[in-house]
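K.L.:
Build me a model:
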Amino acid sequence: MLKNLLLIICLSVSLSAIAAPTTTTKETPQPVAKKSQHHAAKKTHPTNMSKPSDKAVIDDAKVQAFIKMMVKDHKFNQTDLEHLFKQVQWQKAILTSVHHPKEALNWHQYSNLFVTQRRIENGVDFWKKHKKVLNQVSKQYGVPPEIIVALLGVETKYGTRQGNHRVIDSLTTIAFNFPKRSKFFTQELAEFLILCRDNHLNPLKMKGSYAGAFGMPQFMPSSYRRYAVDYSHNGKKDLSHDYKDAIASVANYLKKNGWQANQPVAVAANVKGYRYKKYLYKGKHHHIHKPNITVKVLEKNGITPKKTVPTNDKAILLKLAAGGDQYEYWLGFTNFYVIMRYNPSQNYAMAVYTLADLIKDQLENQNS
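P.N.:
Numbering: from 1, shown residues only. Predicted structure coming up:
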C-alpha cells in the first residue's frame, strides 16, 4: 500500500511495445478517483497455485526444521517456539494474494487505485499536521517531504490502513508453502522472531499486510531491524503508532539505499522512430537494475526528455499503459531506482512519484 509492502513478492508487468513513432504525455499523470476498474485484474486461479499444507503448522516437517535452526543459530528456547507455532495458522487467502498482487495491474489500473483525489487531499492534511518533523527529517536525510508523505500514502493511507493479517501467519504460510520465495520468507520469519524477542513484542499480536510487512511504512522484518529509527528518543522504534519514528525511518531507508538529495526522480519523455525500443526497461521483479544509459545516448536514439536534465545523468526508459491504446514514456533516474528498492515495481515507484508531485502542487496552491 518499505518495505516493503506488498512489497516484495509482487510480480512486474511487461508492457507490450507499440509502433507509433511519437507519443506525448502530461508531465504528471492525472489521478482517476474511480476504483471500479479493479475488477479488471481478477483472473481465474491457476491450477498450479500453491496450497497450504494439510498438516497443522507445528506438525509440518519444514516448520520443525526451522525451529531447530532458530534454537541452534539464534539461541531460542525450543519449547517456547513449539508453543508459539501451535498457535500459528496457515492462511490460504494469503497465497491467493501472493498470486494476484496489485502490482500485476498495468499503470492505468494501478494509478486509479493509488493516485486518487482523496489520497492527494489526505496527503496535504498529513503534511500540514506533521510539517515540523517532516522538515527536520528532510533536512537531515536529504529526502523531500512530499516523497516521504506519498510513500506513506501509498503504503498505508498515511498510517490508517496497516493490515489485519497476523504477521507470523503471513510469513509462515508463504515461507513453507510458496517454494519460489521460500528462502526469502524463511529468513524474514527468522528476522521477525528476533525482532520480537529483542523488543519484547508479542509475535501473535503483530498485524500487517498479507506479505508480512507491518507498521505505517510497511517494513519487512529485516528492513525494520536495519532501518527503523527512534526519532522520538523514547527508547522504542515504534513504526505502528509513532509518526515521528515512521517518517524518519522512511527517509533513513531511502538515504541508505542511495537517495540523491536535490536530484530528479523521473521526467516525462517523447520517443520517435524505432531505435528507442531497445532501451525500454526490462528489469524483472526482484531483479531490478540501476539506471545505466546516459541521457545523451538516449537522445541520440529518439528519446527526448520533456524537461532539461544533465545529459550525463543515467536513466532507464519506462513505458506505461495510460488507458486504451495510449502509452506514456518516462525516464527514471537513480532516485526512481531507490524507490524501487523499497518495492521492486515500476508502477509502485511511479505511483509514489506522481502522488508526491500532486500533493506538493496542491499544498503550494493552497499557500499561494
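
K.L.:
need the contact list for Thr186.
P.N.:
Remark: with contacts taken as C-beta atoms under 8 Å, 6 or more residues apart in numbering, Thr186 is in contact with Phe66, Ala175, Phe176. To be clear about C-beta, it is placed using only N, CA and C from the backbone, and glycine gets the same treatment.

K.L.:
How about the secondary structure of it?
P.N.:
Under DSSP: H, G, I helix; E, B strand; the rest coil, the three-state class of Thr186 is helix.

K.L.:
where does it sit relative to Pro221, distance-wise?
P.N.:
Distance, Thr186 to Pro221, using C-beta to C-beta, to the nearest Å: 12 Å.

K.L.:
what do you get for Ser97?
P.N.:
18 Å.

K.L.:
Over to Glu146?
P.N.:
Glu146 sits 28 Å away from Pro221 when distances are taken as C-beta to C-beta.

K.L.:
next one: Lys360
P.N.:
Noted for Lys360: a distance of 32 Å to Pro221, by C-beta to C-beta.

K.L.:
Ala321 bridge partners, please.
P.N.:
With DSSP bridges applied, the residues forming beta bridges to Ala321 are Tyr327.

K.L.:
What is the neighbour count of it?
P.N.:
20 (other C-beta atoms under 10 Å).

K.L.:
could you list every residue that touches it?
P.N.:
Residues in contact with Ala321, defined by C-beta under 8 Å, 6+ apart, are Leu15, Asn106, Trp107, His108, Tyr327.

K.L.:
May I see those residues organised as TSV, with distance to Phe76, pLDDT and secondary structure added?
P.N.:
Written out in TSV, the entries for the contacts of Ala321 read as follows (distance: C-beta to C-beta, whole Å; pLDDT from 0 to 100; DSSP: H, G, I helix; E, B strand; the rest coil):
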residue	distance to Phe76	pLDDT	secondary structure
Leu15	46	29	coil
Asn106	44	90	coil
Trp107	44	94	helix
His108	47	93	helix
Tyr327	51	95	strand
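
K.L.:
Of those residues, just say which sits nearest to Arg118.
P.N.:
Among these, His108 lies closest to Arg118 (C-beta to C-beta), at 18.4 Å.

K.L.:
which residues does that closest one contact?
P.N.:
Residues counted as contacts of His108 (C-beta under 8 Å, 6+ apart) are Leu320, Ala321, Ala322, Gly323.

K.L.:
ok, how many other residues are close to the residue nearest to the third one when sequence neighbours are not counted?
P.N.:
Residue nearest to Ala322 in three dimensions, not counting chain neighbours: Glu328, with 4.8 Å by C-beta to C-beta, 6 or more residues apart in numbering. Other residues within reach of Glu328, judged by other C-beta under 10 Å, total 20.
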